[in-house]
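# Sequence and predicted structure below; questions after.
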Amino acid sequence: MITLILFGPPGSGKGTQAARLVEKYGFIHISTGDLFRYEMGNDTPLGLKAKEYISKGELVPDAITVGMLENKVNQHPDAKGFILDGFPRTIAQSEALDALLSGKNSEVTKLIALDVDEEEIVQRILKRAETSGRKDDSDESIIRNRIEVYKSETTAVFDYYADKNKSKQISGMGSIDEITDRLFSEIDPLI
Ligand code: C5P
Ligand code: MG
């Protein structure tokens, strides 16, 4: 089983690219942000809890996020692969992921980080806000906080997997097709 972590700051194109990878490789796409938004849309207890954090651009506590991710992975026992988008975002989440996969005699295959300039990210997210309906996309101060949280909590995940020789950074600038081609070049040799 292949487990890819599609990594990068908010607005770096993870969701857009994940859809293309699913089409080519038939892996299961798990976006923890999308899962939270589904729960929030249905006003579930999990959604209401998550909203307290997401509305401020902060991270939902690890225990909640990890539990939700584990449930989702366990729903697909026959998956040939997973694309994780927006998870793990902390070292604790990375350790929990490794433990989960290790229990399935598996491991993270590769982390691929999309590198995008900070100002480009802010502009992309503000543009996305026009159609996404996401409150955390439409307020520049919340976007800036999400970027700060990415720097302070999440970039360490890149180093965590780099220590295991699993991290690779590619450019997330340019056209969507160009970025997809860069990703295919990284993933094809793993299949
Ligand atoms: O991944 P995405 O940008 O869609 O996530 C939206 C929000 O969901 C994040 O800003 C954060 O508040 C929350 N989230 C989280 N932990 C994750 C994924 C998302 O707290 N692992
Ligand atoms: Mg996303």
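Arrived safely, thanks for sending. Keep in mind that what you see is a predicted model, and the values were worked out from it rather than measured. Ligands and ions are numbered 1, 2, ... in the order given.
# Get me the contact residues on the protein for ligand 1.
The chain has residues 10, 32-33, 36, 53-54, 57-60, 65, 86-87, 89, 136, 146 near ligand 1, with proximity defined as CB under 6 Å from any ligand atom. For every residue, glycine as well, the C-beta is placed using N, CA and C.
# Out of these, which is nearest to residue 185?
Compare each of the residues of the chain next to ligand 1 with residue 185 using CB to CB and the shortest gap goes to residue 86, at 22.8 Å.
# which phi and psi does the closest one have?
phi 90, psi 10 (degrees, to the nearest 10).
# sorry, back to before: can you sort out which of the residues of the chain next to ligand 1 also neighbour ligand 2?
residue 33 (CB under 5 Å from the ion).
# so where does the residue of the chain found nearest ligand 1 fall, helix or strand?
Ligand 1 sits closest to residue 33 of the chain, with a gap of 2.0 Å, by CB to the nearest ligand atom. Counting by DSSP states H and E, the element that carries residue 33 is helix 32-41.
# Can you tell me which helices and strands the lengthiest helix in the chain packs against?
Determined from DSSP state H, the single longest helix within the chain is helix 118-132. Using 3 or more CB pairs under 8 Å, 6 or more residues apart in numbering; DSSP states H and E, the elements in contact with helix 118-132 are helix 135-138, helix 140-149.
# Export that helix to CSV, keeping only CA atoms.
Extracted as CSV, the C-alpha positions of helix 118-132 are listed here (Å, rounded to 0.1, in the frame of the first residue of the first chain):
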residue,chain,number,x,y,z
GLU,A,118,3.8,33.5,0.5
GLU,A,119,2.1,36.5,-1.3
GLU,A,120,1.0,34.1,-4.1
ILE,A,121,-0.7,32.0,-1.5
VAL,A,122,-2.6,34.9,0.0
GLN,A,123,-3.8,35.9,-3.4
ARG,A,124,-4.8,32.4,-4.3
ILE,A,125,-6.8,31.9,-1.1
LEU,A,126,-8.6,35.3,-1.5
LYS,A,127,-9.5,34.3,-5.1
ARG,A,128,-10.7,30.9,-3.9
ALA,A,129,-12.9,32.7,-1.3
GLU,A,130,-15.0,34.0,-4.1
THR,A,131,-16.3,30.5,-4.8
SER,A,132,-15.4,28.3,-1.8
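# Okay, buried residues for it please.
Buried residues in helix 118-132, counted by 16 or more other CB atoms under 10 Å: 121-122, 124-125, 128-129.
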